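**Student:** Predicted model, plus sequence, below.
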Amino acid sequence: MYYPLLKFGNNEMKALRELKESSRNKLIPIVESKRIKPLNIGKWENAFNTLGSYLKERVKSINFIYDFNCAIEELGSKDEVLSSNGEDLVVHCMEKMREHNLSIIPCFQHDSPEWLIDSIIKYKTEEIAIRIRCHDFQEPFDRFVFSKLKEDLLKIDESVEVTIILDFFNIKTTTTRIKNAINTFKQLNPVNIVFLSTACPENANEADAHGLTLVNARHELNTYYELSRDFEELHFGDYTTRLKGEVLTGFNYNLSYFKIFYSTETDYYIAKSKLIRDGGEDSFYEICQQIVDQDFYPGEGFSFGDLEIKKCADKEITISDHQAPIAISVNHHIETTIKQL
């Protein structure tokens, strides 16, 4: 089973919605919750009222993990977040998603506030997930995290199935470090353990303008293949082609580029236009044609993303914003990875 990490954004959700029907039972996406901005803390309830209908249209019948901790990451406080009728964030969102019969696995992180962890446990779902951000601490700290989570899991019924997500993000680490983490946290007796990592670049700075550039190998997938020889039960997850990235300030549209992060079975490429002010929109037809001309291009029928690239190459559509390429990149990446696994 494949566990892609997706942000709660329109284009990443579109990439999920446009998956082939045959792919939909081969993945369990990890969806990071919509975030509450500090300035909007008084209006958070309204922002989450349409959560169920929004996800139903895009996720449909796919089983998915929902990481609640991401909702409160920007608040700078671990205080309980309550609705007008006294429901906490977890209960409010779970009710909205249950109204639409979504197949959700609620998730907390290893350092989530106690109220959030307790709320997920008390909701009594058949499955829960725990995301351990191994990239945020050194190996000696594993045992402290393990002890803390062991105490948390004493509160759940024995029938509840637990998925452990070991998140190494994009840090360079050794397979020994990862193996030690697996051996430590599998003592929590999870049903599933997921190795989550990425080697995709955070931005397109190293890619050539008006060209298709090989920017990195898919090291995380090679690491997973190596790990799976010792841990047959291990599952694979990645950040698709969308990392956390930088918060842009003073963004100038005309001094930016259109770009597609394009995954092959072994590498990451970036297709990048000219500067928008220098004809970026027109140059992107040529860039998409470059992708189509490559031996690794699987054909327009392979995925929604590849069909959109072919349409752009043939000038049937015009890509004139930064959002459409996200859905194209993520959708192609997911279909490619599902095929490999």
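**Tutor:** Arrived safely, thanks for sending.
**Student:** tell me what the worst-scoring helix or strand of the chain on mean pLDDT is packed against?
**Tutor:** Ranked by mean pLDDT, DSSP states H and E, the weakest helix or strand in the chain is helix 44-48, scoring a mean of 91. Contact partners of helix 44-48 among helices and strands, from 3 or more C-beta pairs under 8 Å, 6 or more residues apart in numbering; DSSP states H and E: helix 89-98. Where C-beta positions appear, they are placed from N, C-alpha and C, glycine not excepted.
**Student:** Give the other helices and strands that the helix it packs on contacts.
**Tutor:** Partner elements for helix 89-98 (3+ C-beta pairs under 8 Å, 6+ apart): helix 44-48, helix 51-59, strand 104-109, helix 114-122.
**Student:** Now stretch 196-203: buried residues?
**Tutor:** Under the neighbour-count criterion of 16 or more other C-beta atoms under 10 Å, stretch 196-203 has 196-201 buried.
**Student:** what separates the longest helix seen in the chain from the chain centre, distance-wise?
**Tutor:** Of all the elements of type helix in the chain, the one with the most residues (DSSP state H) is helix 324-340. In terms of C-alpha atoms, centre = their mean, to the nearest Å, the centre of helix 324-340 is set 12 Å apart from its chain centre.
**Student:** for the nearest residue to residue 268 once chain neighbours are set aside, phi and psi?
**Tutor:** Nearest residue to residue 268, sequence neighbours excluded (C-beta to C-beta, 6 or more residues apart in numbering): residue 216, at 4.8 Å. The phi and psi values for residue 216, taken as degrees, to the nearest 10, are phi -170, psi 160.
**Student:** surely residue 216 meets residue 199?
**Tutor:** Yes - the criterion here is C-beta atoms under 8 Å, and residue 216 meets it with residue 199 at 5.2 Å.
**Student:** Give me the common contacts of the two.
**Tutor:** Jointly contacting residue 216 and residue 199 under the rule C-beta atoms under 8 Å, 6 or more residues apart in numbering are residue 268.
**Student:** quick one: contacts for residue 195?
**Tutor:** Contacts of residue 195 by C-beta under 8 Å, 6+ apart are 166, 168, 178, 182, 223-224, 227, 234-237.
**Student:** re the thing from before, would you mind listing the buried residues in the least confident helix or strand of the chain?
**Tutor:** 44-45, 48.
**Student:** Repeat that for stretch 326-341.
**Tutor:** Under the neighbour-count criterion of 16+ other C-beta under 10 Å, stretch 326-341 has 326-338 buried.
**Student:** could the residues you listed be laid out in JSON lines, adding pLDDT and distance to residue 188?
**Tutor:** Listed next are the buried residues of stretch 326-341 as JSON lines, based on pLDDT from 0 to 100; distance: C-beta to C-beta, whole Å:
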{"residue": "326", "pLDDT": "95", "distance to residue 188": "35"}
{"residue": "327", "pLDDT": "96", "distance to residue 188": "36"}
{"residue": "328", "pLDDT": "97", "distance to residue 188": "38"}
{"residue": "329", "pLDDT": "97", "distance to residue 188": "34"}
{"residue": "330", "pLDDT": "98", "distance to residue 188": "31"}
{"residue": "331", "pLDDT": "98", "distance to residue 188": "34"}
{"residue": "332", "pLDDT": "98", "distance to residue 188": "35"}
{"residue": "333", "pLDDT": "98", "distance to residue 188": "30"}
{"residue": "334", "pLDDT": "98", "distance to residue 188": "28"}
{"residue": "335", "pLDDT": "98", "distance to residue 188": "32"}
{"residue": "336", "pLDDT": "98", "distance to residue 188": "32"}
{"residue": "337", "pLDDT": "98", "distance to residue 188": "26"}
{"residue": "338", "pLDDT": "98", "distance to residue 188": "28"}
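**Student:** hmm, back to that, quick one: which of the contacts of residue 195 sit in strands?
**Tutor:** Counted as lying in strands by DSSP state E, out of those, are 166, 234-237.
**Student:** From those residues, list just the buried residues.
**Tutor:** 166, 234-237.
**Student:** Residue 26 and residue 3 touch, don't they?
**Tutor:** No - under the criterion of C-beta under 8 Å, residue 26 makes no contact with residue 3, lying 10.8 Å away.
**Student:** what about these two, which has more around it?
**Tutor:** Comparing residue 26 with residue 3 by neighbour count (other C-beta atoms under 10 Å), the higher total belongs to residue 3, at 21 against 17.
**Student:** that older thread, which one of the buried residues of stretch 196-203 sits closest to residue 188?
**Tutor:** residue 196 (16.3 Å; C-beta to C-beta).
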